[in-house]
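> I'll drop the sequence and a predicted model, then ask my questions.
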Amino acid sequence: MYTYIDPKFNLKNTLLCGQCFRWRLHSDTYYGVVESHLLGVRQNNTQLHVTVSPSVSNDQFVRDYFNCAFSSDEILKSFPIDVYVKQAMVASEGIRILKQDLWETIASFIISINKNIPAIITIIENLSMQYGKKIDVGTSLDLKDHYSFPDIATIARTTPSALRESGMGFRAEYLSKTSQMIEDGVIDLSNLKKMGIDEALSVLQTLPGVGPKVANCILLYGCNRYDAFPIDVWMKRILEECYFKGNKVPLKKLGQFAKKYFGPYRGYVQQYLYYWARSQGKKNK
DNA sequence: CTCCAGGTCCAGA
DNA sequence: TCTGGACATGGA
């Protein structure tokens, strides 16, 4: 059991805001797989309690995942405070962008194409069950089995038709080819953090199944590039409704607007707006 | 049953 | 360069 402290952190909003797909609430604790461990995470005011199974002597990978050394104060101060951002900051309070594994992020967001979040979660769970490694959680937890996210080499030598058994449909060809390109060293992903945003995006978009939206997600969630700004159907709606009087605007123009208006940490603003808009919809049901 | 989903790709204008 | 339609599958 490890304890972390950060007054401006909201676990629920952070795990449910759409940046990750492997967390489930079980009574008062969120369970999720990070690398080859099952984490159980619970928040008490400013304290974050984390259990790691199997246990480890060094919990650095957990601190890295939650980006514990990093304060989001400066970033939040950079937000342009208009009526919409103001509401978003209330609804999405305490969201922190996680630092997720690059390969898992690439694969997850290829799988996410044209799927709703519950379906994405199911597919990733199926895929992990088939091709990941079973995690030894001991006998203390009365939970179902958990599996690590499958590694690149495993996916690279699995046929697309076999991958389809997890329910990912036509995305199987994308995932298969992309995994092989990375595995074969056709593409070099080691310098993504240093590149300019446009260069990083175009490098990622040489991967099959990776277009502008998925590339931005990969940079934002897998590389801590807060200057990445994913625009999906929801963000498109939000931007058009709030900043263009409801008129239809091409994706390219929306991206240019976001870059200018939301500034260098626009990826963070995006996350707050996205979760705000989605929680609005749920209230009306 | 129908609609739609954290889009991408390709063909044709 | 821009736009429309196809693409598998399943949750709501």
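Alright, I've got the coordinates.
> use CA for all of it now, contacts and neighbours both
Noted.
> ok now do the residue in the stretch 151-285 of chain A that DNA strand B sits nearest to, which residues does it touch?
In the stretch 151-285 of chain A, the residue that lies nearest DNA strand B is A:G211 (2.9 Å; Cα to the nearest atom of the strand). Shown in contact with A:G211 (Cα atoms under 8 Å, 6 or more residues apart in numbering): A:Q205.
> Quick check, pLDDT for it.
Model confidence at A:G211, given as pLDDT, is 98.
> Equivalent analysis for the one 4 residues further on, please.
Model confidence at A:A215, given as pLDDT, is 98.
> burial of it, as a residue count?
Other residues near A:A215 come to 26 when the count uses other Cα atoms under 10 Å.
> which ones are touching it?
A:A215 neighbours (Cα under 8 Å, 6+ apart): A:201, A:204-205, A:230.
> switch the cut-off to 6 Å
By Cα atoms under 6 Å, 6 or more residues apart in numbering, the contact list for A:A215 reads A:201, A:204.
> Could you check how many residues crowd around the spatially closest residue to A:D64 that is not a sequence neighbour?
Leaving out its chain neighbours, the residue that sits closest to A:D64 by Cα to Cα, 6 or more residues apart in numbering is A:K99, at 6.6 Å. Neighbour count for A:K99, taken as other Cα under 10 Å: 21.
> Test my guess that A:K99 contacts A:V62.
No. Between A:K99 and A:V62 there is no contact under Cα atoms under 6 Å: 9.8 Å.
> before we move on, which element is the nearest residue to A:Y65 once chain neighbours are set aside in?
Spatial nearest neighbour of A:Y65, excluding adjacent residues (Cα to Cα, 6+ apart): A:K99 at 4.8 Å. Secondary structure from DSSP states H and E places A:K99 outside every helix and strand.
> Please identify which helix or strand holds A:G40.
strand A:37-44.
> which of the residues in that strand are buried?
A:37-43 (16 or more other Cα atoms under 10 Å).
> Stretch A:206-220 too?
Going by neighbour count (16+ other Cα under 10 Å), the buried part of stretch A:206-220 is A:207-220.
> got those as TSV, with secondary structure and distance to A:V52 columns?
Below are the buried residues of stretch A:206-220 laid out as TSV (DSSP: H, G, I helix; E, B strand; the rest coil; distance: Cα to Cα, whole Å):
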residue	secondary structure	distance to A:V52
A:L207	coil	34
A:P208	coil	35
A:G209	coil	34
A:V210	coil	33
A:G211	coil	35
A:P212	helix	35
A:K213	helix	33
A:V214	helix	30
A:A215	helix	31
A:N216	helix	30
A:C217	helix	27
A:I218	helix	26
A:L219	helix	27
A:L220	helix	26
